[in-house]
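*Asks:* Based on what follows, work out the 3D shape:
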Amino acid sequence: MSVATSRTPAPERRAAWAEGLDDLRAAATTEPGRLRVIGALLALLVLVFGAVSAVQVSDRSDAVRQGVRESQELSENAAEIGRLLAGVDTAAAENFLSDATTRRATRDDYESDLRRLSTLLVGASAKAGPRSAAGERIATISEELPRYATLVERAWANNRQGLPLGGAYLTYANEKMRTKLLPAARGLNDSVTERLAGDYRSANGWPWFAMAAGLLAVGALLWAQQRLYRRTHRFFNPGLLGATAATVVLFLWLAAGCAAARSGLLASRATGVDSLQAINEARIDALQARGAETLRLVARSSVQAERRNTSDEGDFYEATFAAQMKDLYGPAGTGGAAADSKLGKALALADSDGREPVRRAVALVAKWQAEHRADLGRTIGQDATNGTYSATVDKELNAARAGEQHEFDSAVGGGPSGLPWLVGGAVGLALLGAASAVWGIGRRVSEYR
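*Replies:* Below is the predicted model:
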């Protein structure tokens, strides 16, 4: 008769991670084990602080380099597009009134501005992106500009043949400039300005997560040293002291570096971006005022050619000139540019390099307005000096723009230029601090052997 035998089932094999967790719990019940856990956590906190610092500082450095700089360059391109459009319109009108000896020069200016516009539009489109608000404005300008140029060529051709229809074509071209091209340029400038403001906000932000991680790491290191002191009555642990020093140095460097970067960016905004925008807007206003002044003469010449008794178009352009001058300078006869005018704002915002050219431009605009009032009763062709005023004002404002651009480059390249060094320093100090923490705890653990 066979006897049945019973077998004891083999114990179920546990996962490696579960066994490791049990070993860790067992080790944590002893002082050496607890010290090892503390050392690992300290090293981890210091490394996290260094990594978060490096990432956040790198993001801000990229925002300065790729955001603020590129957006400011795009903003300058947008302002130059608006200025060139106003310049093209002025040159088209001046060529219409020019004699044979000066017609070639004004046509060269016109064609040069058109070529420059085409180049800027291509470059600005690549920077703005086709689906952005700025890209849509650029597309509008690119579509309307050839149509405008066609109207101008027809105006010139009819004018050379002595046909009064040339004045009508030039009026249509100016209407397209006023209603399509210049509004699109202003929309482009507004879109780019909004983008620039967003890039400044990104670049100016404080690295709050990194700062919080730094405070947590310093607090943990101080707690660990206090714990060791209570158990050993040894005031100093060289390793933990070194880790604390490295972490504190990184924290202070992070705070000082970001503060310097913010200061430089704020200075670049106040002394560069805002003043550049005011100067660029003043240049556009001056060119539009000269264009309106010239088109008033075109309208008068068309009226005389057709022997009409009304001059509504001339009155319209005179009102346009007055409005542009008020925006540029303020009310005439006030003895200086009004504070809320474009020139007044440019003068208030300009620094030493740009202030003196703006002052000269203010004085020139005052003389220009006086000369314009004297010209109102004169015959056609006797206000050539006004074109000289316009060109000189633009030259002075361009000199002011160059000075303010230098101020912007200096400010944005000051404090923010130290951010890339801070990225490398964060990694190096974090590694040093983590290694010091592990070494300091390791020395204490070795005393239990």
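
*Asks:* For the stretch 301-449 of the chain, give me the ranges with low pLDDT.
*Replies:* Scanning the stretch 301-449 of the chain with the threshold set as pLDDT under 70 gives 301-314, 332-335, 375-386, 411-418, 445, 447-449.

*Asks:* where do the helices sit along the stretch 101-250 of the chain?
*Replies:* Counting by DSSP state H, counting those that start in this stretch, one finds helices in the stretch 101-250 of the chain at the ranges 133-160, 165-176, 182-204, 208-232, 238-268.

*Asks:* Mean neighbour count and mean pLDDT added to the ones you listed, as JSON lines?
*Replies:* Backbone N, C-alpha and C define where each C-beta goes, glycine included. Listed next are the helices of the stretch 101-250 of the chain as JSON lines, based on neighbours: other C-beta atoms under 10 Å; pLDDT from 0 to 100:
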{"stretch": "helix 133-160", "mean neighbour count": "18", "mean pLDDT": "91"}
{"stretch": "helix 165-176", "mean neighbour count": "21", "mean pLDDT": "89"}
{"stretch": "helix 182-204", "mean neighbour count": "19", "mean pLDDT": "82"}
{"stretch": "helix 208-232", "mean neighbour count": "16", "mean pLDDT": "88"}
{"stretch": "helix 238-268", "mean neighbour count": "20", "mean pLDDT": "85"}
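
*Asks:* So for residue 36, which of the ones you listed sits nearest?
*Replies:* Among the helices of the stretch 101-250 of the chain, helix 208-232 comes nearest to residue 36, with 12.3 Å by C-beta to C-beta.

*Asks:* now for that closest one, which elements pack on it?
*Replies:* For helix 208-232, the elements it packs on are helix 31-62, helix 238-268, helix 419-446, judged by 3 or more C-beta pairs under 8 Å, 6 or more residues apart in numbering; DSSP states H and E.

*Asks:* quick one: that helix to chain centroid distance?
*Replies:* Offset of helix 208-232 from its chain centre (C-alpha atoms, centre = their mean, to the nearest Å): 40 Å.

*Asks:* how much does it deviate in direction from helix 31-62?
*Replies:* Put simply, helix 208-232 runs at 160 degrees to helix 31-62, going by axes from the mean of the first three to the mean of the last three C-alpha atoms, to 10 degrees.

*Asks:* which residues touch helix 208-232?
*Replies:* Contacts to helix 208-232, defined as C-beta atoms under 8 Å, 6 or more residues apart in numbering, come from residues 31, 38, 41-42, 45-46, 48-49, 52-53, 55-57, 234-235, 237, 240-241, 243-244, 247-248, 250-251, 254-255, 433, 437, 441, 444.

*Asks:* For residue 366, the count of nearby residues, please.
*Replies:* Neighbours of residue 366 under the rule other C-beta atoms under 10 Å: 19.

*Asks:* surely it meets residue 329?
*Replies:* Yes: Residue 366 is in contact with residue 329 according to C-beta atoms under 8 Å; the separation is 7.2 Å.

*Asks:* about what we covered before: so which of the helices and strands packed on helix 208-232 comes closest to residue 166?
*Replies:* Residue 166 lies closest, by C-beta to C-beta, to one member of those: helix 238-268, at 47.8 Å.

*Asks:* For that closest one, name the packing helices and strands.
*Replies:* helix 31-62, helix 182-204, helix 208-232, helix 384-412, helix 419-446.

*Asks:* And stretch 239-250, how far out from the chain middle?
*Replies:* 38 Å.

*Asks:* Offset the numbering so it begins at 496, please.
*Replies:* Fine by me, first position is 496 from now on; the one you just mentioned is stretch 734-745.

*Asks:* Extract the C-alpha set from that stretch and format it as PDB.
*Replies:* This file holds the C-alpha atoms of stretch 734-745, laid out as PDB (Å, rounded to 0.1, in the frame of the first residue of the first chain):
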ATOM      1  CA  GLY A 734      31.900  68.300   3.800                       C
ATOM      2  CA  LEU A 735      28.500  69.700   4.800                       C
ATOM      3  CA  LEU A 736      30.100  73.100   5.400                       C
ATOM      4  CA  GLY A 737      31.600  73.000   1.800                       C
ATOM      5  CA  ALA A 738      28.200  71.900   0.400                       C
ATOM      6  CA  THR A 739      26.400  74.700   2.200                       C
ATOM      7  CA  ALA A 740      29.000  77.200   0.900                       C
ATOM      8  CA  ALA A 741      28.700  76.100  -2.700                       C
ATOM      9  CA  THR A 742      24.900  76.200  -2.500                       C
ATOM     10  CA  VAL A 743      24.800  79.600  -0.900                       C
ATOM     11  CA  VAL A 744      27.300  81.000  -3.500                       C
ATOM     12  CA  LEU A 745      25.100  79.600  -6.300                       C
END
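
*Asks:* In the stretch 746-895 of the chain, mark out all the helices, start to finish.
*Replies:* Using DSSP H, counting those that start in this stretch, helices in the stretch 746-895 of the chain cover 769-801, 807-823, 837-844, 847-870, 879-907.

*Asks:* Need those helices in TSV (columns: distance to residue 759).
*Replies:* Output for the helices of the stretch 746-895 of the chain, formatted as TSV (distance: least, C-beta to C-beta, whole Å):
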stretch	distance to residue 759
helix 769-801	15
helix 807-823	32
helix 837-844	17
helix 847-870	17
helix 879-907	5
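
*Asks:* Please name whichever of these is nearest to residue 695.
*Replies:* Residue 695 lies closest to helix 879-907 among these, at 10.1 Å (C-beta to C-beta).
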